[in-house]
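[1] Could you work out the structure for the sequence below:
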Amino acid sequence: MTSDAEPRSLRPPSGEPAVVVTGACGRLGKIVVRALHREARVVAIDRRPFPDKPKDVEHFEIDLRRKKTRDVFRSVNVRAVLHLGVMHDPRKGAEAHHEWNVVGFQKLLEYVAGYRVPKLVVLSSANVYGPRPDNPQFLSEDAPLLGGASFSEIRDLIEVDMLTQSFFWKHPETETVILRPVHILGAVKNAPSNFLRLGTLPTLMGFDPMVQVLHEDDLADALVRALRPSVRGIFNVAGPPPLPLSRALTILGRRSLPLPHTLFKAAVGRMFTMRLTSFPAPEIDHIRFVCMVDDRRARQELGYQPRHSVEETVRAVDRERWS
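    Numbers count the residues shown, from 1 in each chain. Down below sits the predicted model:
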């Protein structure tokens, strides 16, 4: 393992092609690495430590924006890049989000193009479409990306998505894939899972939207499938059939606290400021309006099928995998 503070000590270039996974030390990243290393050489890039990595996984504890990342691409025979390294922390400022998510990703695209990497898979989100009262029942991959209109933190994710689409057309020699999954549930620390972990869940009076959820293990399977040769393009990824939010609460045995919209927004905003919740107020629209996707393309072209039932997927928010 190397770090930005250490002198370069990369091993000599290997003839065995490798998959570079960025953001490998997050909860989802660890699931993907554990699934992928059984069938490919994996090189992890993440500025966080990875003490529990599989023994055959190489980890470089470096920042994507630093020159040492270029050294990895220079020294490793990279056959594919799987980019999971998007910051979603709503407590970080807009400048920090932009610097990490957009500037760091632009550097990564520079390395993929410069070293002629044959494959690039980028994890985006169905949140880029945005929950809206005028959404059709199911959104296809060519729907406009309107998620940043009410939630500024999504704008960086939309910019990453658009940069990837531009790269797709500018560099046809690289098979570029964008995955847009619905709400990911499991040990991950994202807004949907954090919300469902609350003991009593505030809900909006008069609203019980249909929602799509995706087990973190099913997303890992879709990401591995996207790395296969000849796969390129944009794919929505959903899980089992949609369910009303109220049914998710019933499955978990959670109590609900119906509140008017104005009171709900003010309460969540205050709780977030006081660090009593990690669920930001702009996410309220996801329990107010519908934002569901059509994932037929992923099922047809990737051969993807969710393996977990809706009950297993919802209950996954309570499982502990890593501290």
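
[2] give me the beta-bridge partners of residue 60?
    Beta-bridge pairing for residue 60 (DSSP bridges): residue 45.

[3] what number of residues lie near it?
    23 (other CB atoms under 10 Å). In this view, the C-beta of every residue, glycine as well, is placed from N, C-alpha and C.

[4] hang on, it packs against residue 73?
    No - applying CB atoms under 8 Å as the test, residue 60 and residue 73 come out as separate, 10.8 Å apart.

[5] show me where this protein has strands.
    With strands called from DSSP state E, the chain shows them at 18-22, 41-45, 58-60, 78-83, 119-123, 175-181, 183-185, 200-204, 210-211, 213-215, 233-237, 243-244, 255-259.

[6] Switch these over to CSV; also include distance to residue 159 and mean pLDDT.
    Formatted as CSV, the strands of the chain follow (distance: least, CB to CB, whole Å; pLDDT from 0 to 100):
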stretch, distance to residue 159, mean pLDDT
strand 18-22, 17, 96
strand 41-45, 21, 96
strand 58-60, 25, 96
strand 78-83, 14, 97
strand 119-123, 12, 97
strand 175-181, 13, 98
strand 183-185, 20, 95
strand 200-204, 29, 85
strand 210-211, 25, 93
strand 213-215, 23, 98
strand 233-237, 15, 98
strand 243-244, 31, 96
strand 255-259, 33, 87
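
[7] Residue 68 contacts residue 61, correct?
    No - Residue 68 lies out of contact with residue 61 (CB under 8 Å); the separation is 9.6 Å.

[8] Run through the helices of the stretch 101-250 of the chain in chain order.
    All helices of the stretch 101-250 of the chain, identified by DSSP state H, counting those that start in this stretch, fall at 104-114, 153-170, 191-196, 216-226, 245-252.

[9] what residue lies at the spatial centre of the chain?
    residue 123 (5.1 Å; CA atoms, centre = their mean).

[10] got a pLDDT number for the closest residue to residue 116 other than its chain neighbours?
    Excluding the flanking residues, the one nearest residue 116 by CB to CB, 6 or more residues apart in numbering is residue 173, at 6.9 Å. At residue 173, the model reports a pLDDT of 97.

[11] how close does residue 173 get to residue 117?
    The spacing between residue 173 and residue 117, counted by CB to CB, to the nearest Å, is 10 Å.

[12] Same drill for the two, tell me which one is more crowded.
    When residue 173 and residue 117 are compared for neighbours, residue 117 comes out ahead with 21 against 10, by other CB under 10 Å.

[13] surely that one meets residue 79?
    Yes - counting by CB under 8 Å, residue 117 touches residue 79, with 7.3 Å between them.

[14] Distance-wise, check the residue nearest to the centre of the chain relative to residue 294.
    19 Å.

[15] With residue 36 instead?
    As for residue 36, its distance to residue 294 is 27 Å (criterion: CB to CB).

[16] Out of the two, name the residue with the larger neighbour count.
    Between residue 36 and residue 294, counted using other CB under 10 Å, residue 36 has the larger neighbour count: 22 against 16.

[17] Hmm, residue 53 and the more buried one touching each other?
    No - with contact defined as CB under 8 Å, residue 36 does not count as touching residue 53 (11.9 Å).

[18] Ok, which of the strands of the chain comes nearest residue 138?
    strand 233-237 (8.8 Å; CB to CB).

[19] Strand partners (parallel or antiparallel) of that closest one?
    Sheet partners by DSSP bridges: for strand 233-237, these are strand 175-181 (parallel).

[20] got the angle for the strand it pairs with vs strand 119-123?
    20 degrees (axes from the mean of the first three to the mean of the last three CA atoms, to 10 degrees).

[21] next one: strand 175-181 to chain centre, how far?
    Here strand 175-181 is found 11 Å from its chain centre; the criterion is CA atoms, centre = their mean, to the nearest Å.

[22] can you list contacts of that strand?
    With CB atoms under 8 Å, 6 or more residues apart in numbering as the test, strand 175-181 has contacts from 118-126, 128-129, 141, 161, 164-165, 167-168, 214, 219, 222-223, 226, 229-238, 293, 298.

[23] List the buried residues of that strand.
    Under the neighbour-count criterion of 16 or more other CB atoms under 10 Å, strand 175-181 has 175, 176, 177, 178, 179, 180, 181 buried.
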